[in-house]
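Chemist: A predicted structure for the sequence below; I have some questions about it.
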Amino acid sequence: MKLLKYALASSVIFVATSCANIVNEVNPTHILDTSNAFKTIENYEAALNGAYAQLRSVNAYGRNQSSIPDMMSDNLKESPENLPQGTRGMVDWVYAADNGEVANGWLGLYTIINSANVVINGIDAFTTPANQRTANRIKGQALALRGWLHFDLLKWYANSYDRNSNEPGVPVMTTVSSTNPNARPARASVKEVYDRIFNDLNEALRLLSDVDRAINTASRRVNIDAIAVNAMLARISLYAGLHTDAIRFATTVINALPLATRAQFPAIWRDETAAEVAWAIRFNPGEGGPALEVYSPAGNDRASFDASPDMVALYDRINDIRFNSYMAAGFSTRAPRPATRFIPIKYLGKGNNRDGVTDFKVLRTGEMYLIRAEARQRSGDAAGALQDLNTLRAARIQGFVPGTETGAALTQAIADERRRELFLEGHRWFDLKRTTRTINRQNCTPPATQCSLAPNSPRWTWPIPTAELNANPNITQNPGY
């Protein structure tokens, strides 16, 4: 596996508290590796911080897990301001096994998994009865990260999301690469990947229920605590078709984190409140941002993508608090654009800043209501599903009159609400994939060249990178590549 043989042979861990821009820094000056560190439990906490820092990479939540799923779907429309770049092939679904974005997405997530494994596999040697609860806090977060990132890989590189599928998934990595640099792991089945994911997250939940101190504050939730793990389990259970579990885990989060009020909601996207946020990726000035390739307000003021016309049409522009929180007609930090263009401003900046740097909200209570609604609908509890859907819509839309949808109309209403609520939060591509729907882009004009994607297309699944195939004879390619 190229990951093991080359990229991570030294098992470097970046120390988040002191390093510079993790996205762009080529030769970081603050590095811990197995030869010069990990002599106390505090070293493992620094290593955990380094793993969190790597989440800001464009190969993780700086782009691939945040904005790319909307760019590749029908939520966004390329504008004339978009420049030729690596994501061009992703948007038009013309990627191949030698595509750099595909390869970096694979390598980037496994790099962070390796960092988590350093913590998971080493911390027990420094754990004593006196520091057990500290170790629980550190190891629990590392386990949650490992499980969650295997799920992120599964979403991109596996065809099936069924819990018991024997189709190829992704390699499961539980050891530090430097301890076995010549390993050539095969792809585990989707079922086997889920086995590891659920084992990791359930053990994380156990450890994080008994820790030495609070992991987050009321004003910022950028670390993984028990609430965040429950939210992870809710989303993963929905994908896996475990509807009873999805309902249970989503309910735990809903009870712990109430929905934001209409007054609070716009402030979520300016990092002025952590209302209803279960977990966010921290972004600081100079570290990129989750949607800068969609709209980069600082410097060049380039809006490479607009909200698509059918996306805009979904909202009640006057009464839905999400509309003005997520987009603005003709917005620019310089000369105004035509009012017919709706510029995504969801990640405009912290407070009054307009630099495109805000924390990326990975998990929120709003999503939990939608998870529970969909799981209830699929379980035959239409009344419960409608109640959840109406609760969310009433929280977002001034004067909302409770809906009465049933059957197919209720299924469509839940899907539409996911699209409204979760715009630019990394969901749309996977929602379409897991429910086997067709992409039909409206007003599809140049620079876009591909306007429709059928549900049976192999392009819904990324290819295994060529470099990986060349380095690992035990790994197989996805169909169609």
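Modeler: Looks like it arrived, so ask away.
Chemist: any idea which element residue 139 lies in?
Modeler: helix 132-157 (DSSP states H and E).
Chemist: Could you name the helices and strands sitting against that helix?
Modeler: Counting contacts by 3 or more C-beta pairs under 8 Å, 6 or more residues apart in numbering; DSSP states H and E, helix 132-157 packs against helix 41-54, helix 100-122, helix 190-208, helix 226-240. Glycine gets a C-beta too; all of them are placed from N, C-alpha and C.
Chemist: Tell me the buried residues in the longest one?
Modeler: In other words, helix 100-122. If you call a residue buried by 16 or more other C-beta atoms under 10 Å, then helix 100-122 has these buried ones: 101-120, 122.
Chemist: what packs against that helix?
Modeler: strand 13-14, helix 41-54, helix 132-157, helix 466-471.
Chemist: winner for burial among these?
Modeler: Most buried of the helices and strands packed on helix 100-122, by mean neighbour count (mean count of other C-beta atoms under 10 Å): strand 13-14, with a mean of 26.
Chemist: I'd like to know the average pLDDT value across stretch 157-170.
Modeler: For stretch 157-170, mean pLDDT is 98.
Chemist: Show me what counts as buried in it.
Modeler: Applying 16+ other C-beta under 10 Å to stretch 157-170 flags 157, 158, 159, 160, 161, 162, 163, 165, 168, 169, 170 as buried.
Chemist: what's near enough to touch the third one?
Modeler: When you say that, I think you mean residue 159. For residue 159, the contact set (C-beta atoms under 8 Å, 6 or more residues apart in numbering) comprises 167, 168, 460, 461, 478, 479.
Chemist: if I pick residue 330, what's in contact with it?
Modeler: Residue 330 touches 336, 337, 338, 339, 340, 341, 343, counting by C-beta under 8 Å, 6+ apart.
Chemist: which ones among those residues are found in strands?
Modeler: residue 343 (DSSP state E).
Chemist: for this protein, where's the lowest mean pLDDT among helices and strands?
Modeler: Within the chain, confidence by mean pLDDT, DSSP states H and E is lowest for strand 13-14 among all helices and strands, at a mean of 42.
Chemist: still on that earlier bit, most widely separated two among the contacts of residue 159?
Modeler: 168 and 460 (14.5 Å; C-beta to C-beta).
Chemist: for this structure, what are the low-confidence residue spans?
Modeler: For the chain, the stretches flagged by pLDDT under 70 are 1-37.
Chemist: With adjacent residues omitted, what lies nearest to the residue nearest in space to the middle of it?
Modeler: When C-alpha atoms, centre = their mean is applied to the chain, the residue found nearest the centroid is residue 65 (4.2 Å). Excluding the flanking residues, the one nearest residue 65 by C-beta to C-beta, 6 or more residues apart in numbering is residue 426, at 5.2 Å.
Chemist: what's the answer for residue 311, then?
Modeler: residue 75 (5.1 Å).
Chemist: OK, contacts around that neighbour?
Modeler: Residue 75 makes contact with 307, 308, 311, 419, 423, 424, 428, according to C-beta under 8 Å, 6+ apart.
Chemist: can those go into JSON lines with extra columns for distance to residue 381, neighbour count and secondary structure?
Modeler: Converted to JSON lines, those look like this (distance: C-beta to C-beta, whole Å; neighbours: other C-beta atoms under 10 Å; DSSP: H, G, I helix; E, B strand; the rest coil):
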{"residue": "307", "distance to residue 381": "33", "neighbour count": "28", "secondary structure": "strand"}
{"residue": "308", "distance to residue 381": "32", "neighbour count": "21", "secondary structure": "coil"}
{"residue": "311", "distance to residue 381": "29", "neighbour count": "25", "secondary structure": "helix"}
{"residue": "419", "distance to residue 381": "22", "neighbour count": "21", "secondary structure": "helix"}
{"residue": "423", "distance to residue 381": "27", "neighbour count": "23", "secondary structure": "coil"}
{"residue": "424", "distance to residue 381": "30", "neighbour count": "28", "secondary structure": "coil"}
{"residue": "428", "distance to residue 381": "25", "neighbour count": "23", "secondary structure": "helix"}
